[in-house]
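>>> A structural model of the following input is requested.
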Amino acid sequence: MKNKTFILVFSLAIILVVSLSCGAPASDDGNAQLKLTQSALALQATGLALQVQQATLDAAKAAPPPAAQPTAPAALPTYTPFPTYTQPAPAATSAPAAPAATNPPAAAPTQDLKARIKKANVLIFEDIYGYPPLAGNPRVSMAVDRMGFKGGTVINTKDAYGNFKSELNSSAKWDAIVISAESRSGMRGEFWDYIYDQVDRGVGLVAEVYNLESIANGRISNLLGRCGIGFQQDWQRAANADINNYSLVLLDPEHTVFSFPNPKISLVTPNSYWVGDAGDLIRVTGGGDAELLAGLYSTHKSDSGVMASCIEERMIFMTFSTHDYRQDQTVPLWQNAITYVLTNHFKYIDQQPK
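Modelled structure (predicted):
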């Protein structure tokens, strides 16, 4: 708009100059008239140039803008590729593994251990000899006789408390002590001091004791505390009770005590000899390394038990009467338990400083 106004004003100036040049008096100087004419022509040429320039600008505005010319893409920065790897295939989904037992079952003994077990020194106390219905059925003695000990010393004191006490306090180096105290009077008092001392030296122990209701707070308490078990309650059998109600549950049927050297031990077919007192129930107290092996209920892992392993697996403690269960199951169970504690006894001895 400003350019158009300038051109209009400039054109009027040209016309004015031309008019003046044409209307000048003849008497005026000729040079002056020539100069005016030249100025008018110069202004006219300038005006024409400005018109051309304006026309060019107007045409440029009216014309579409030129298409943008593509530019060459910038070079991409160089980089070092990451190393490749093979993603491992996902593992198969499985049920969560059961928590490991406090004391994993000991492995079966090696050939060397088997030879040492055959030569072991074993002390036995079994108090049913004075009880006529059971006197001809001494299951511990049967078990030991069938194990074929050779080269060691096996002393069976039967139910002679005096002889048993003398052997406990002798200079003999026992590898295992086996106690079956089914008598109602049971083993009590100072005997448990002597037994504790033997266990403290590394001797293996298998003990069947089911009168804890009367002795648990006595001298046996040191051994129970070291083991990590305690008396829970007396276990009574009614005179007219269904015998099947006294079947026992193996809390870990694959445990070495139930599988080596005799497999598939079962305590589900009671054959009751005793009336009334069926034994005692024990619980884990947490004071030692006890693990319950058998009991009344499969879901009770720390109470309502009748059999436990403890003290570096050198001790098996039973609180039920083995004579209340089938002979073809309990004699092999005694053999397994004796083998188990002897195996762990020798392992313990080998780990001691020389």
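>>> quick one: low-confidence ranges for the stretch 201-350 of the chain?
239, 241, 243-244 (pLDDT under 70).
>>> show the residue spans covered by the helices in the protein.
All helices of the chain, identified by DSSP state H, fall at 2-22, 30-62, 111-118, 132-135, 139-147, 161-168, 191-200, 212-215, 221-227, 327-351.
>>> what about the strands in the stretch 151-300 of the chain?
Here the stretch 151-300 of the chain has its strands, by DSSP state E, counting those that start in this stretch, at 154-156, 176-181, 204-209, 229-237, 249-250, 276-284, 291-295.
>>> what's the closest of those to residue 268?
Nearest to residue 268 among these is strand 249-250; the distance by Cβ to Cβ comes to 8.1 Å. Just so you know, the C-beta spots here come from the backbone N, C-alpha and C atoms, and that holds for glycine as well.
>>> contacts for that closest one, please.
258, 265, 266, 267, 293, 294, 295, 296, 297, 298 (Cβ atoms under 8 Å, 6 or more residues apart in numbering).
>>> stretch 288-296 now?
With Cβ under 8 Å, 6+ apart, stretch 288-296 has contacts from 101-103, 225-229, 248-252, 255, 257-258, 267, 281-282, 284, 300-312, 316.
>>> against residue 316, how distant is residue 171?
26 Å (Cβ to Cβ, to the nearest Å).
>>> more neighbours, the two?
residue 316 (26 against 4; other Cβ atoms under 10 Å).
>>> now do the same contact list for that one.
205, 206, 207, 257, 293, 307, 308, 309, 337, 340, 341.
>>> I figured the fourth one hits residue 343, correct?
No - with contact taken as Cβ atoms under 8 Å, residue 257 and residue 343 are classed as non-touching, separated by 10.7 Å.
>>> related to what we said a few turns ago, PyMOL command for the buried members of the contacts of strand 249-250?
Command for PyMOL, covering only those of the contacts of strand 249-250 found buried under the criterion 16 or more other Cβ atoms under 10 Å:
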select buried, resi 258+265+267+293+294+295+296
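>>> okay, the contacts of strand 249-250 in a markdown table with distance to residue 140 next?
Output for the contacts of strand 249-250, formatted as a markdown table (distance: Cβ to Cβ, whole Å):
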| residue | distance to residue 140 |
| --- | --- |
| 258 | 18 |
| 265 | 16 |
| 266 | 19 |
| 267 | 16 |
| 293 | 18 |
| 294 | 18 |
| 295 | 22 |
| 296 | 24 |
| 297 | 28 |
| 298 | 28 |
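>>> burial count for residue 111?
Neighbours of residue 111 using other Cβ under 10 Å come to 7.
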